[in-house]
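J.: Mind looking at a prediction? Sequence and model below.
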Amino acid sequence: MPVPEQREPEITRKALTGWLRDRMPDARDLRVENLTTPGLTGFSSETVLFDLVWTDDDGEHREGLVLRGAPAGYEIFPEYDIEMQYRILETLGAHTDVPVPVTRGFEPDPALLGTPFYLMEQVHGRIPSDNPTYAMDGWVLEASPDERAAMWWSAVESMARLHRVDWRALQLDFVDRDEFGPPGLDQQLAYQRHYLEWASRGKPQPVCEAALEWIFEHRPADDEPLAFSWGDARLGNMIFEEGTGRCLAVLDWEMASIASPELDLGWFLGMHRHHTEGVGSPVPEGFPTREETIERYGELVGFMPRNVEFYEVFALYRFAVIMMRVAQMLMDYELMPDDADMETNNTATQLLAKVLGLPAPA
C-alpha cells in the first residue's frame with residue numbers, strides 16, 4: 001500500500017469556508033488562509049492548521065485555528081472517539097484551571113471532510129519533539145537548564161491540576177469504558193489485553209506478552225483513588241511559552257479515562273525515561289530527578305504515590321503496543337520493508353525488556 005495522499009488543501013479550504021460561514025452568519029468576507037496539512041506529525045489523528053479571517057462591524061479579524069479529525073484510514077487504536085476529545089476540551093476549558101485550547105466547534109458528520117472533526121484555537125508556543133526526542137535535538141536542548149526545570153515543573157503542575165478536578169461533579173465519566181469493567185485498574189488491564197490481541201494481529205510478541213504477564217502478577221493490591229486521567233501525559237503533548245517554560249496548553253485526549261492518578265504520573269516518567277535512556281541520550285541538565293518529581297507531585301495532589309514503579313512499567317508496555325501499530329503502519333504504507341522487525345524490536349520493547357530483566361528483543 002503506498003503512502004496515503006495528503007488531504008487536498010483547496011478542497012478542504014472550500015469545505016471549511018462554507019461550514020464556518022454557516023456558523024458565523026454576521027461575518028463578512030470570511031475566508032480560510034494559510035491552510036497546511038502536516039504529514040506524519042502524529043499517528044492517531046489528523047491535524048490541519050489554518051487562519052480564519054473575517055470582517056464585522058468592529059473591523060477585520062484573524063484567528064489561527066487547528067482542525068483535529070478522526071483517522072480516516074489507518075488506526076493506531078482499535079476504537080477512536082473524536083467527540084469524546086471535544087467534550088473533554090469543552091468541559092475542562094469551561095470549568096477548570098487546566099490549560100487547554102479554546103474549542104471552536106464540532107462536526108459529527110463525516111460527509112463534509114470524510115471524517116468527524118473539531119476546531120480549536122492555535123496556542124502559540126513551543127512543543128518538545130518526540131522524533132527525534134527532545135533529549136537528542138531541538139529547542140529543548142538549546143534552552144537553559146533553568147528553563148528546562150521550569151518547563152518540567154509547569155508540566156507536573158498542569159498534570160496535578162487535572163488530577164484535582166472533581167470529575168464526578170463535572171460528569172467527566174463519559175470517558176469510562178465500562179465494557180471493560182469498573183473504572184480503575186481492572187478496566188485498564190482488560191482494555192490493554194484487548195488492545196494487544198487486536199494490535200498483534202495473531203503474531204507472537206514475546207516482550208509485550210511477558211510484560212503483560214508481569215503487570216497482572218504485580219498489580220497493586222491496595223485500593224487506589226480515582227481521578228480523571230489524561231492518558232497521554234508527556235512533554236510532547238504540551239505547549240510551552242518560550243523563555244519562561246510555562247505550560248500554555250495540554251493536548252491529545254484520545255487515551256483519557258477514569259483511573260488512578262498514578263497512571264499519568266507513571267506515563268509521564270516512563271516516556272521521559274524512554275526519550276532519554278531509551279534512545280541512548282543523557283538527561284539534559286536542568287530536568288529534575290524522578291524522586292524529586294514524585295515528591296513534588298505528591299505535595300501538589302495531597303497524597304504520596306505508592307505504586308509509581310508499577311505504573312512506569314505499565315507505561316512502557318502501553319507504549320510498546322502503540323509502537324507495534326506504528327511499525328505495522330510504516331510497513332503497510334511501504335515506508336519500511338515487510339521483513340523489518342520493528343514490531344517486536346524497537347526502542348520501547350528494548351527498554352521494557354531491560355527494565356524487567358527479560359531477554360532482549362531479537
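T.: Okay, I see it. Numbering: from 1, shown residues only.

J.: Please count neighbours and contacts with C-alpha atoms only from this point.
T.: OK.

J.: so which strand or helix has the closest residue to residue 200 other than its chain neighbours?
T.: Among residues not flanking residue 200 along the chain, residue 324 sits closest, at 7.4 Å (Cα to Cα, 6 or more residues apart in numbering). For residue 324, the host element (DSSP states H and E) is helix 308-332.

J.: what does that helix contact?
T.: Helix 308-332 is contacted by residues 1-2, 43, 74, 76-77, 192, 195-196, 199-200, 208, 211-212, 215, 218-220, 262-263, 265-267, 269-271, 274, 336-338, 340, 342-344, 346, 348-349, 351-352, 355 when judged by Cα atoms under 8 Å, 6 or more residues apart in numbering.

J.: can you give me the strands in the stretch 251-362 of the chain?
T.: 257-259 (DSSP state E, counting those that start in this stretch).

J.: whoops, I mixed them up, the stretch 1-150 of the chain
T.: Under DSSP E, counting those that start in this stretch, the stretch 1-150 of the chain gives strands at 28-36, 46-56, 59-69, 103-107, 117-121.

J.: export these to TSV and tack on distance to residue 234?
T.: Shown next, in TSV, are the strands of the stretch 1-150 of the chain (distance: least, Cα to Cα, whole Å):
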stretch	distance to residue 234
strand 28-36	25
strand 46-56	19
strand 59-69	19
strand 103-107	21
strand 117-121	20
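
J.: deepest of the ones you listed, which one?
T.: The highest average neighbour count among the strands of the stretch 1-150 of the chain, using mean count of other Cα atoms under 10 Å, belongs to strand 117-121 at a mean of 21.

J.: Please tell me how far the most far-flung residue of the chain relative to its centre sits from residue 26.
T.: Ranked by distance from the centre of the chain (Cα atoms, centre = their mean), the top residue is residue 57, with 39.5 Å. Here residue 57 is placed at a distance of 9 Å from residue 26 (Cα to Cα, to the nearest Å).

J.: what does residue 52 give?
T.: Using Cα to Cα, residue 52 is found at 14 Å from residue 26.

J.: Check residue 244 too.
T.: From residue 244 across to residue 26, the span is 39 Å (Cα to Cα).

J.: More neighbours: which of those two?
T.: Neighbour totals were compared for residue 244 and residue 26, and residue 244 leads with 15 against 12 (other Cα atoms under 10 Å).

J.: Check what pLDDT the residue farthest from the centre of the chain gets.
T.: Per-residue pLDDT puts residue 57 at 90.

J.: same check, this time on the one 5 residues further on
T.: Predicted confidence (pLDDT) at residue 62: the value is 97.

J.: Identify the residue nearest it in space, chain neighbours excluded?
T.: Leaving aside its sequence neighbours, residue 62 sits nearest to residue 53 (Cα to Cα, 6+ apart; 4.5 Å).

J.: now residue 65
T.: Excluding its sequence neighbours, the residue lying closest to residue 65 (Cα to Cα, 6+ apart) is residue 121, at 4.5 Å.

J.: wait, the one you found sits on residue 66?
T.: Yes: using Cα atoms under 8 Å, residue 121 is in contact with residue 66, at 6.0 Å.

J.: residues in contact with residue 284?
T.: Applying Cα under 8 Å, 6+ apart, we find residue 284 in contact with 135, 141, 145.

J.: what about the helices in the stretch 151-300 of the chain?
T.: 185-200, 206-217, 261-275, 290-301 (DSSP state H, counting those that start in this stretch).
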